[in-house]
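Peer 1: Okay, predicted coordinates and the sequence, questions at the end:
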Amino acid sequence: MSVRPTSLAGPVRRRGLMFVLSSPSGAGKTSISRRLLERHQDISLSVSVTTRAPRPGEVDGVHYHFIDRPAFERMAANGDLLEHAEVFGRHYGTPRGPVEAALAGGRDVLFDIDWQGTQQLAENARDDLVAVFILPPTAAELERRLRTRAQDSDEEIARRMSKAAGEMSHWPEYDYVIVNADFETSVAQTDAILTAERLRRRRLIGLGDFVRSLSLPG
Ligand code: 5GP
């Protein structure tokens with residue numbers, strides 16, 4: 001993927017990165033990503049397409065692009081999805097265009113996607129990917145969070161609980177793992193990962209010239 005660098009202070013610039021947050025439903029990933037976006041206005045959120053129905057309060061084009069199955073299949077067949085996966089019997093995918101445009105403009109992109117999508121991104125652009133997995137502190141707390149969210153039926157909650165163990169087994173494929181016992185702590189930890197990853201030497205462009213300029217006689 002061709003990436004235009006973001007400006008840092010001085011002549012040193014940086015490649016944009018793909019910042020993935022994954023977790024079982026109810027572990028708090030959506031709240032953490034919302035806070036991250038408030039703090040960092042320069043990050044673009046990747047808005048996925050999905051064939052699932054909107055939950056109360058979800059807005060088309062903001063939380064997801066809600067599309068039907070034939071439209072999803074057309075996008076997948078045309079190569080318009082950077083990755084796609086089936087989760088809980090519904091289809092989800094990342095539209096390619098907005099992500100490539102953001103990265104090409106040197107902007108970081110935040111993804112709220114599952115382990116299947118993360119694997120696909122890793123296959124295509126490992127160097128530009130930072131993958132964070134968020135775990136709940138206990139199974140009981142995970143169920144409590146799913147229930148207090150109260151947007152899904154009992155049947156849907158039971159389905160999501162039974163899937164959570166399988167999803168959580170993918171934690172070793174991630175660069176970082178956060179146990180979300182306290183929301184503010186988890187936000188601070190996520191923020192620290194983003195800050196450190198933005199400073200990774202391999203993402204910096206023009207560093208050699210910059211250091212050489214430091215050695216020139218005044
Ligand atoms: P929910 O239906 O609760 O919004 O999302 C269910 C799961 O699908 C979550 O784990 C979420 O991260 C994942 N998901 C949402 N959008 C995408 C996507 O575009 N690609 C993939 N692979 N997973 C997604």
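Peer 2: Thanks, I have it.
Peer 1: Please make it C-alpha for all contacts and neighbour counts, starting now.
Peer 2: OK.
Peer 1: contacts for stretch 184-197?
Peer 2: Contacting residues not belonging to stretch 184-197 are listed as 19, 32, 35-36, 130, 178-180 [C-alpha atoms under 8 Å, 6 or more residues apart in numbering].
Peer 1: Quick check: ChimeraX command selecting the buried ones in those.
Peer 2: To isolate the buried ones among the contacts of stretch 184-197 in ChimeraX, judged by 16 or more other C-alpha atoms under 10 Å, type:
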select :19,32,36,130,178,179,180
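Peer 1: Closest one of the contacts of stretch 184-197 to residue 152?
Peer 2: Set against residue 152, the nearest of the contacts of stretch 184-197 by C-alpha to C-alpha is residue 32 (20.1 Å).
Peer 1: Just the element for that closest one, please.
Peer 2: helix 29-39 (DSSP states H and E).
Peer 1: what's the answer for residue 143, then?
Peer 2: Per DSSP H and E, the secondary structure element for residue 143 is helix 139-149.
Peer 1: quick check, that helix touching the ligand?
Peer 2: No: using C-alpha under 6 Å from any ligand atom, helix 139-149 stays clear of the ligand, with a minimum separation of 10.0 Å.
Peer 1: in that helix, what counts as buried?
Peer 2: 142-143, 145-147.
Peer 1: what's the most centrally placed residue in the chain in contact with, if anything?
Peer 2: In the chain, the residue lying closest to the centroid (C-alpha atoms, centre = their mean) is residue 111, at 2.2 Å. By C-alpha under 8 Å, 6+ apart, residue 111 lies in contact with 18-21, 45-47.
Peer 1: sec struct for residue 132, please.
Peer 2: strand (DSSP: H, G, I helix; E, B strand; the rest coil).
Peer 1: Let me know the distance separating it from the ligand.
Peer 2: Residue 132 is 12 Å from the ligand, where distance means C-alpha to the nearest ligand atom, to the nearest Å.
Peer 1: if I pick that residue, what's in contact with it?
Peer 2: Per C-alpha under 8 Å, 6+ apart, neighbours of residue 132: 19-22, 174-178.
Peer 1: and the protein, which of its residues are near the ligand?
Peer 2: Residues of the chain lying near the ligand (C-alpha under 6 Å from any ligand atom): 22-25, 48, 84-85, 87, 92-94, 112-114, 116-117.
Peer 1: Can you select the buried ones from these in PyMOL?
Peer 2: Restricted to buried positions by 16+ other C-alpha under 10 Å, the PyMOL selection for the residues of the chain next to the ligand reads:
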select buried, resi 22+23+24+25+48+84+85+92+93+94+112+113+114+116+117
